[in-house]
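Visitor: my questions concern the predicted model and sequence given below.
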Amino acid sequence: MTTLHPSGTAAADHGGDRRSPTLVFVHGTNSSSAWGSGLMTELTLRGHRCVAVDLPGHGHEAFYPRSYQNPQDLEALATEPSPLAGITIDDYVERVTDVVRRARRHGPVILAGASQGGVTVSRVGNAVPHLLDRVVYVAAYCCVDLPNLTAYLSTPENGDSLLPLIQAAVVADPAVLGVTRVNWLSADPAVFHAVKECLAADFTDEGVRRLLTMLEPDETAGIPLADARGEAHTWGRVPRTYVRFTLDRLIPPALQDRFIAEADRLTPDNPTDVRSVAAPHVGPFDRPELVDVFSELLSR
């Protein structure tokens, strides 16, 4: 796990630190550090340092409602309280910043996020740019002109997104429960179809079934509404890479390109390093092309 100290635009003066960098990876919504495990394994076997973070309320802290277990109680599932309702974007930022600080003791740090994880990456970039040598967005939301993730959902570039298919599987009112609760284990074949089409178009059916068991039902509802704009004088100082997923049907390539264009207008002297990988939204992240991208960034 390691970071890089690139030449050119620099987030901080690390005194020519030549130690190997550490990659800190932030997962997306309704998921956990397990999503990055394949990537972490491949990079470790290539000699790199890396760590995947579990955001608060995820991974070993995940909440699985009693009503979510089989046999499911669908009526109770719509109302059963969730501890994730009290979690905020500030909690996410605190968790990741703590990991970044600890990793920075051993050398430079590259902070990467996938999907909604981009929200946390930008906020951490605003808070501690001096601790980061690069930020990487992997088919991730990268808010610049608009204040939050939700604002981008109504843009023309998001018009082809299949996110509404996934939203149809939401089983509770986020405004009431405080979480977005998705019944990934639903017996309704429409849910399986939605996940395959929106998130994992080139997966086998068996692969989609594995995917469904990895997804967590609850995600705190406030994250998509939190201000996540990168600020030019902080986040904008950090060298930046955006990895486009060209087969993504949740964050369409047109929206990914909008994120890149907005960031480049904000920081014309720090243009985005753009890479492209032929992958759907959920990767998987151990695809050789993506491993190669990160290995190259970690080897500079």
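Guide: Received it, and whenever you're ready, just let me know what you need. Fair warning: this is a prediction, and the values are worked out from it, not measured in the lab.
Visitor: ok, so what distance separates Glu80 from Gly86?
Guide: 15 Å (CB to CB, to the nearest Å). C-beta coordinates here come from the backbone N, C-alpha and C atoms, glycine included.
Visitor: equivalent analysis for Asp218, please.
Guide: 12 Å.
Visitor: of those two, who's got more company?
Guide: Asp218 (26 against 13; other CB atoms under 10 Å).
Visitor: list phi and psi for that one.
Guide: phi -110, psi 140 (degrees, to the nearest 10).
Visitor: I'd say it and His58 touch.
Guide: No. Counting by CB atoms under 8 Å, Asp218 does not reach His58; the two are 9.1 Å apart.
Visitor: from Val99, how far out is the nearest residue to Arg104 once chain neighbours are set aside?
Guide: Nearest residue to Arg104, sequence neighbours excluded (CB to CB, 6 or more residues apart in numbering): Leu131, at 5.0 Å. Here Leu131 is placed at a distance of 10 Å from Val99 (CB to CB).
Visitor: which helix or strand contains Glu75?
Guide: For Glu75, the enclosing helix or strand under DSSP states H and E is helix 74-77.
Visitor: tell me what that helix is packed against?
Guide: Packed against helix 74-77, as judged by 3 or more CB pairs under 8 Å, 6 or more residues apart in numbering; DSSP states H and E, are no other helices or strands.
Visitor: can you pull the buried residues of that helix?
Guide: Leu77 (16 or more other CB atoms under 10 Å).
Visitor: and what of stretch 138-145?
Guide: Of all the residues in stretch 138-145, those buried under the rule 16+ other CB under 10 Å are 138-144.
Visitor: mean confidence score for that stretch?
Guide: Average pLDDT, stretch 138-145: 99.
Visitor: got it, and stretch 287-298?
Guide: Averaged over stretch 287-298, pLDDT sits at 98.
Visitor: can I get that stretch in PDB? Just the C-alpha atoms.
Guide: C-alpha atoms of stretch 287-298 as PDB (Å, rounded to 0.1, in the frame of the first residue of the first chain):
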ATOM      1  CA  ARG A 287      -9.600  -6.500 -14.000                       C
ATOM      2  CA  PRO A 288      -6.000  -6.600 -15.300                       C
ATOM      3  CA  GLU A 289      -6.400  -3.200 -17.100                       C
ATOM      4  CA  LEU A 290      -7.400  -1.500 -13.800                       C
ATOM      5  CA  VAL A 291      -4.700  -3.300 -11.900                       C
ATOM      6  CA  ASP A 292      -2.200  -2.000 -14.500                       C
ATOM      7  CA  VAL A 293      -3.400   1.600 -14.100                       C
ATOM      8  CA  PHE A 294      -3.000   1.500 -10.300                       C
ATOM      9  CA  SER A 295       0.300  -0.300 -10.500                       C
ATOM     10  CA  GLU A 296       1.700   2.300 -12.900                       C
ATOM     11  CA  LEU A 297       0.500   5.200 -10.600                       C
ATOM     12  CA  LEU A 298       2.100   3.500  -7.600                       C
END
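Visitor: quick one: buried residues of it?
Guide: Quick answer for stretch 287-298 (16+ other CB under 10 Å): 287, 290-291, 293-295, 297-298.
Visitor: residue ranges of the helices in the stretch 201-300 of the chain, please?
Guide: Per DSSP state H, counting those that start in this stretch, the stretch 201-300 of the chain has helices spanning 205-214, 253-266, 288-298. These are given in chain order.
Visitor: any idea how far the first one is from the chain center?
Guide: Pointing back at helix 205-214 there. 19 Å (CA atoms, centre = their mean, to the nearest Å).
Visitor: which other helices and strands contact that helix?
Guide: With contacts taken as 3+ CB pairs under 8 Å, 6+ apart, helix 205-214 sits against helix 189-199.
Visitor: contacts only, for Asp91.
Guide: The contact partners of Asp91, by CB atoms under 8 Å, 6 or more residues apart in numbering, come to Pro56.
Visitor: report the buried residues of the helix or strand it falls within.
Guide: Assigned by DSSP H and E, Asp91 belongs to helix 89-104. The neighbour-count check on helix 89-104 (16+ other CB under 10 Å) flags 89, 91-93, 95-97, 99-100, 103-104 as buried.
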